[in-house]
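Peer 1: quick check, what structure comes out for this input:
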Amino acid sequence: MNGGRSTRRWSLDEKNWSRGWWIPLVVVVLAAATWGFLGFVEGGCKRGPRRGCVAADGYELRSWVLFLASMPTLFVVGTGLTADRWPPALGVAAGGAACGLYTLAQGHTVPHLIMAAVLFALAITAPALAWRRRRAARAE
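Peer 2: Alright, predicted model coming up:
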């Protein structure tokens, strides 16, 4: 009986693309990356020991959050932009809109506006691409 465990392994197949947990997952990952990136926007960069950009004093935690959230953000946003299923695309739309509004609430400098514009563009593009892919799949 295998100790009550299922012998089937988890995979990112058709069934998992359509799961509703994609929406909060994408929102949380985008929120973490946005909060981390806003640390660089608000605090600026200072020269590090290797002449690179490091977070200014008081913003170190945000730089670590950005570092840890960068790869999951790339994965979930890429999935939301390339999937033909609604949950990943709706997650990018909700996360992009919420994080764009949060960015504008933090300030109206040029970097804030650029970051908000990118997030709003993601929020509009992801569902549009999913809709287009689903329409093309039905036409075939």
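
Peer 1: which residue is nearest the middle of the chain?
Peer 2: Closest to where the C-alpha atoms of the chain average out (Cα atoms, centre = their mean) is L30, at 3.3 Å.

Peer 1: quick check: buried residues in the helix or strand hosting that one?
Peer 2: Assigned by DSSP states H and E, L30 belongs to helix 22-43. Buried residues in helix 22-43, defined by neighbour count with 16 or more other Cβ atoms under 10 Å: 22-23, 25-27, 29-43. From N, CA and C alone the C-beta is placed, and that goes for glycine too.

Peer 1: swap in stretch 51-63?
Peer 2: Of the residues in stretch 51-63, those scored as buried under the neighbour-count criterion (16+ other Cβ under 10 Å) are A55, A56, Y59, R62, S63.

Peer 1: now stretch 108-119
Peer 2: Neighbour-count burial for stretch 108-119 flags H112, M115, A116, L119 (criterion: 16+ other Cβ under 10 Å).

Peer 1: rewinding a little: now flag whichever of the buried residues of stretch 51-63 is closest to P87.
Peer 2: Set against P87, the nearest of the buried residues of stretch 51-63 by Cβ to Cβ is R62 (28.4 Å).

Peer 1: what ranges of this protein fall below the confidence cut-off?
Peer 2: Filtered on pLDDT under 70, the chain yields the residue ranges 1-17.

Peer 1: on that earlier part again, just the buried residues of stretch 108-119: which are in helices?
Peer 2: Cross-referencing the buried residues of stretch 108-119 with the helices (criterion: DSSP state H) gives H112, M115, A116, L119 as the overlap.

Peer 1: is it true that the last one touches A94?
Peer 2: No - at 11.1 Å, L119 does not count as touching A94 under the criterion of Cβ atoms under 8 Å.

Peer 1: roughly how far apart are G58 and T109?
Peer 2: Between G58 and T109 the distance, using Cβ to Cβ, to the nearest Å, works out to 18 Å.

Peer 1: OK, contacts around the residue lying closest to G58 once chain neighbours are set aside?
Peer 2: Counting by Cβ to Cβ, 6 or more residues apart in numbering, G58 lies nearest to G43, which is 6.5 Å off, once chain neighbours are set aside. Residues near G43 by Cβ atoms under 8 Å, 6 or more residues apart in numbering: A55, A56, D57, G58, Y59, R62.

Peer 1: perfect, that will be all.
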